[in-house]
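Kindly return the folded structure for what I paste below:
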Amino acid sequence: MAIAKMRKISIVAEPELKASILRDMQTLQNVEVRDLPSELAEDEFHVEGTSSEAYVEYYTWYERAEESLSVLSQYRQKQSLKDKLLAKRPVMSMDELSASVNLDDAKELIEDIESLKKRRIAIQDEREAVEKRQSELANWRSLPVDPSTFASFKYFDATLGTIPNDENRTAWKALEATDGLSVAEVYANETEIGLVVFVDNTTDTDVTGVLNEQNFSEWDYPYEQSPDASFKKLEDERKQLIKDEEEVVKSLQSSQSGRETLQLAAEVFYNQAQLKTAENLTYDSDILTVISGWVPEDEYASIQSTVDHDYSDVVLLTEEISNHEIENNDVPIKLKNNAFIRPFETVTEMYSLPKYTEIDPTPFLTPFYILFFGMMMADLGYGLIMWIVTLFALKMMDLKPGPKRFMKFGHILSYPTMIWGLIYGSIFGAALPFQLVNPTEDVELVILLSIIFGTVHIFLGLILKTYSASRDKDYESAYSDGLGWLLLLLGLIVMLVGSSFAMDIPLLFTIGKWTAIIAAIGMIVVPMILNDKTLLGAGLGAYNLYGIANYIGDFVSYTRLMALGVSSGSIALAFNMLIAFFPAPARFTIGIVILAFLHIFNMLLGLLSAYVHGARLIFVEFFGKFYEGGGRAFSPIKTLQEHIRLKDVKNNN
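Below is the predicted model:
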């Protein structure tokens, strides 16, 4: 249970073997290809310029394949929830995958689907434009004449337009009273009046000014037929567009037969793109290719076996990891934990992976995260639901690596949730016949337990700091940031216990007092001794002692274990009491449904709170004592495995 030790390797081969070697590395999933140091690549080798372009091409086709699958899913026959949950991915080897799909056919299918999608969007846009024009014409359909004939009138001009409408029809009346101007109403609604304005060509009245005063908005009629005839013509266009769209939809539905081809093609495109990324990191001459990379020490034998067995003329070289690479964080990090602890690597990864020389904190955080999560959820019923759901997902569903690890994480956490539910005697907020601790009545006991667990948690962090700093020969930090605080806090706790009413042991108080005093003096003296500048060391030590306030805050933070556990149980109890007020018929019908919904809501809220606050106690109160992080994740050549499972690829589901 630690950080995997890495070995640096280089493979020297003939250029024509490069693709095959990288493909084997992709299958083994234990080599991260790295950029060859520039001093080794100068003159003798050159970087292939086509790899990055090939990567872009393959990755673009992968994205287009996934987008085409997304388009097809909109027209796919709906699956039942059971079928969705229990769906299994096909199982293939890398060679079977490559042989099962014709990429040229897949590209043609992608282009066809993209064309159909664009065609449907164009039809929808065109239909929207037609419907917009229809809405403009709808109010004018009662106009009995064709407005296009207005231009032929000899003695007067005619114009279509609208004016504002109000209760008194003010604008209408003003136009009616204007000499040389006549109006005919076509339609009216609450906001406007549509009308035809007739203007005598011989009038001296400033008709334009009058129309502007009444906010007349002219409509330049764009059609050559009457509004009703034009509307009907547009309706015919709209119906034809609907039929055209239906034909496109049928074509998309019939394309469902190509779904499997697209899924396999997406896998191949993605895998090829990753290979091209690795190729971009190799160096090539006319006669040699050099592939450099990182491999975990305990997996070196597998890559050596592959090279020896499959490639007789390939040379495998190993190099020592330099201090420069370690200090520059060039060495990739792969955590190495057992099956129980591995799901909790997600907590470490959320914060940051450790550096190569750091301690992997995952084994140390795991028991505390389990304890804290259980205390904050603390309900037998909620734990049983977590257990059933996660077990079903792990046993019955074809989960991908990320979701599978998360389900294992949730399954493990279901057990402390049930255990603390038994301790608190709570099942869906109701009291069990037995109850070791009543969180609402024994609040002081629960707070005390929370602080005790927190004290152990903080002390472990200080012990780890003392160990890691001593290992790195940073003795000043080992004492000032680790052992000194450990002794000081321990002395204060012993003082508190020795002076309590329950104990009242003067000797214990004295031992604790002098332990704390000596530890505090040491936090000033040790930096003075180990620092080149004595006064500066003394100042740093004195300043460090102000951190006691932060530790007080840390201890108080653990009371959230009590607060969240009590609040979740109290909310569940309140829901039960609420439904209990229902009349008997309603209580056992709709009341059960409402209660189930409320408990699911409370459980999800509790899960979120326990997840977040548990992580906070780890990140701030624990990691803050000893852990820095900042490591770079080990990244072998990836495979997709979204639509299939690769049986010969290591670490697949």
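
Which elements pack onto whichever strand or helix holds residue 113?
Here residue 113 sits within helix 103-138, counting by DSSP states H and E. For helix 103-138, the packing partners by 3 or more Cβ pairs under 8 Å, 6 or more residues apart in numbering; DSSP states H and E come out as helix 51-73, helix 227-254, helix 259-279. Backbone N, C-alpha and C define where each C-beta goes, glycine included.

so which of those helices gets nearest residue 444?
helix 51-73 (56.4 Å; Cβ to Cβ).

How about residues contacting the closest one?
Contacts with helix 51-73, where a contact means Cβ atoms under 8 Å, 6 or more residues apart in numbering, come from 103, 106-107, 109-110, 113-114, 117, 252, 255-256, 258-259, 262-263, 265-266, 269-270, 272-273, 276-277, 279-280, 640.

before we move on, back to that, tell me the most buried of the helices and strands packed on helix 103-138?
Compared across those, helix 259-279 shows the largest average neighbour count, a mean of 22 (mean count of other Cβ atoms under 10 Å).

quick one: average confidence on that one?
Averaging pLDDT along helix 259-279 yields 94.

Work out the gap between the host helix or strand of residue 597 and the centre of the chain.
Using DSSP H and E, residue 597 falls within helix 590-616. Remark: helix 590-616 is offset 21 Å from the chain centroid, using Cα atoms, centre = their mean, to the nearest Å.

Show me what that helix packs onto, helices and strands only.
Where contact means 3+ Cβ pairs under 8 Å, 6+ apart, helix 590-616 is packed against helix 345-351, helix 362-377, helix 380-396, helix 560-580.

let's see 7 Å
Judged by 3 or more Cβ pairs under 7 Å, 6 or more residues apart in numbering; DSSP states H and E, helix 590-616 is in contact with helix 362-377, helix 380-396, helix 560-580.

List the buried residues of it.
For helix 590-616, burial by neighbour count (16 or more other Cβ atoms under 10 Å) applies to 591, 594-595, 598-599, 602-603, 606-607, 609-611, 613-615.

same check, this time on stretch 140-151
140-141, 143, 146-147, 150.

from those, which single one is nearest residue 626?
Of those, the one sitting nearest to residue 626 (Cβ to Cβ) turns out to be residue 140, at 79.6 Å.

quick one: the closest one from residue 317, how far?
Distance of residue 140 to residue 317, computed by Cβ to Cβ, to the nearest Å: 85 Å.

Next: residue 141.
From residue 141 to residue 317 the distance is 86 Å (Cβ to Cβ).

Quick one: the helices in the stretch 351-500 of the chain, in order.
Along the stretch 351-500 of the chain, counting by DSSP state H, counting those that start in this stretch, helices occupy 362-377, 380-396, 401-424, 443-471, 475-477, 484-498.

And these: which comes nearest residue 159?
Minimum separation from residue 159 across the helices of the stretch 351-500 of the chain (Cβ to Cβ) falls at helix 401-424, 67.2 Å.

Which pLDDT value belongs to residue 614?
95.

wait, residue 52
So, for residue 52, pLDDT stands at 78.

go on, the one 3 residues further on?
We note a pLDDT of 90 for residue 55 in this prediction.

any idea how far the closest residue to it other than its chain neighbours is from residue 649?
Nearest non-adjacent residue to residue 55, counting by Cβ to Cβ, 6 or more residues apart in numbering: residue 276, 3.9 Å away. For residue 276, the distance to residue 649 equals 18 Å [Cβ to Cβ].

And for residue 95?
12 Å.

More neighbours: these two, which one.
Using other Cβ atoms under 10 Å, the more surrounded residue of residue 95 and residue 649 is residue 649, with 19 against 11.

what's the most buried one of the helices and strands packed on helix 590-616?
Highest mean neighbour count of these: helix 362-377, a mean of 23 (counted as mean count of other Cβ under 10 Å).

Just send the helices and strands packed on helix 590-616 back as TSV, with distance to residue 441 too.
Shown next, in TSV, are these (distance: least, Cβ to Cβ, whole Å):
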stretch	distance to residue 441
helix 362-377	17
helix 380-396	19
helix 560-580	10
